[in-house]
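1. Any chance you can model this:
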Amino acid sequence: MMFGGFTDMPSLYTYQQALEHHNSIKPLRGRSVRPICNTKNGRRKTYMTIHAHEPHLLEKRHSVTCRITGVDALRFFDDGTVEVNVGIYSSHATNAFISSILWPLGYVYQKNYQPRFCLNVGEKPSPYGGGTVHAWEECPFEDRKITLKQDNENNRFRYHNKPVMYGYYLRRKLMKEKRAQVSEFVKYAKALAKMVNPEDYRYPQANVRASAAVAWRIMTDRDRWSEITHSVMEDCCEWSGMTPHMNPNKVQKYVDEVIKHTFFKELFEMREMKNKPNENGNDRYMTGGDTRI
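-> Prediction:
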């Protein structure tokens, strides 16, 4: 199956398969680089490579690494372990690279700005009738990595030291208290949104956006309200066809975003999830008070 427009990709599931594929590829002339795509067109894709490693001081196992743009996305070890790594910044290209190689035993996708790994755990009846479809077990990455172990009995993978999954739930009483601290600013901003000209805010200015922590300090200081009103009015500006208009109700949404980012650790209760990752999207507030709102 093709992911992200990648073609000529090999399907690799074990160390032995990865090593045989590595040995079958002739290095580029004058270089030790071996492109992972072993076709005439694929050999031009030098940003996707494959490397074999001998045991050394820090790693006692033989391994084969599949690399894309400097990220060791997949590493197959001779003990049946496979390390999946999305890199510091999970990208569509890295996710598609991993998925192209591991499909149909697993794939990577991104949800709520966080990478998720889906592991093929067998078959289940098709919801549309007439056969079966793949059943998937989803898991978030821990420190941008997940480790798989070969399940030779079922010709699949299983999670090795599966990361604990957590969900984040809002403490509503504390959220209500935080809202009360800036209620005067909300009244002021809503009244202002009813009076301003929408034409003045139809083109957002990125340079006036403050971080959540700075926005909170401004909202709690009446003398500084003017420093942030432009950002709030931009968020209130909506479009009806080609005509902009102001929606004062969006003031509260802006304020809530500021509060949740600034006080994430206080406002959210972390609960362990047993079966699948939480889907409420609150993990996006983990970026904290430095996030520009």
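
2. Tell me where the stretch 1-150 of the chain has strands.
-> In the stretch 1-150 of the chain, the strands defined using DSSP state E, counting those that start in this stretch lie at 48-53, 63-68, 71-77, 81-85, 106-111, 114-125, 132-140, 145-151.

3. Tell me which of those lies nearest to R271.
-> Of all the strands of the stretch 1-150 of the chain, strand 132-140 sits nearest to R271, with 14.1 Å by CB to CB. C-beta here means a position set from N, CA and C on the backbone, and glycine is covered the same way.

4. okay if I get the strands of the stretch 1-150 of the chain as a markdown table plus distance to Y15 and mean neighbour count?
-> Output for these, formatted as a markdown table (distance: least, CB to CB, whole Å; neighbours: other CB atoms under 10 Å):
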| stretch | distance to Y15 | mean neighbour count |
| --- | --- | --- |
| strand 48-53 | 10 | 19 |
| strand 63-68 | 6 | 22 |
| strand 71-77 | 4 | 22 |
| strand 81-85 | 8 | 20 |
| strand 106-111 | 16 | 19 |
| strand 114-125 | 18 | 17 |
| strand 132-140 | 22 | 15 |
| strand 145-151 | 9 | 19 |
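
5. And for Q181, the neighbour number?
-> For Q181, the number of neighbouring residues by other CB atoms under 10 Å comes to 12.

6. same deal with the one 10 residues further on?
-> The burial metric for A191, expressed as a neighbour count using other CB under 10 Å, is 11.

7. try the one 4 residues further on
-> Around M195 sit 8 other residues, with neighbours defined as other CB under 10 Å.

8. now it: how far from M233?
-> Going from M195 to M233 by CB to CB, to the nearest Å gives 10 Å.

9. Same question for L57.
-> Separation of L57 from M233 (CB to CB): 60 Å.

10. Pick out whichever of the two has more residues nearby.
-> Between L57 and M233, counted using other CB under 10 Å, the more crowded position is M233 (22 against 5).

11. looking at this, that one is in a strand?
-> No - counting by DSSP: H, G, I helix; E, B strand; the rest coil, M233 falls outside a strand, being helix.

12. Could you chop the chain up by domain?
-> Split into domains by automatic domain parsing, the chain comes to 15-163, 170-264.

13. D283: which of the ones you listed is closest?
-> Of all the domains of the chain, domain 15-163 sits nearest to D283, with 6.0 Å by CB to CB.

14. List phi and psi for M286.
-> When read as degrees, to the nearest 10, the backbone of M286 gives phi -60, psi -20.

15. Flag the shaky bits of the chain, pLDDT-wise.
-> 1-2, 112, 206-208, 275-279 (pLDDT under 70).

16. Could I get the contacting residues of the residue nearest the centre of it?
-> Against the mean C-alpha coordinate of the chain, by CA atoms, centre = their mean, the closest residue is Q114 at 2.4 Å. Going by CB atoms under 8 Å, 6 or more residues apart in numbering, Q114 touches 90, 140-141, 283.

17. and if you look at Q110?
-> For Q110, the contact set (CB under 8 Å, 6+ apart) comprises 90, 92, 95, 116.

18. ok, the last one touching F141?
-> Yes - using CB atoms under 8 Å, R116 is in contact with F141, at 7.5 Å.

19. For H261, identify the helix or strand it belongs to.
-> Using DSSP states H and E, H261 sits within helix 250-262.

20. Which of the residues in that helix are classified as buried?
-> Within helix 250-262, the residues that count as buried by 16 or more other CB atoms under 10 Å are 250-251, 254-255, 257-262.

21. For it, give me every contacting residue.
-> Applying CB under 8 Å, 6+ apart, the external contacts of helix 250-262 come out as 170, 175, 178-179, 182, 185-186, 189-190, 193, 212-213, 215-216, 219, 231-232, 235-236, 238, 267-268, 282, 285, 287-289, 291, 293.
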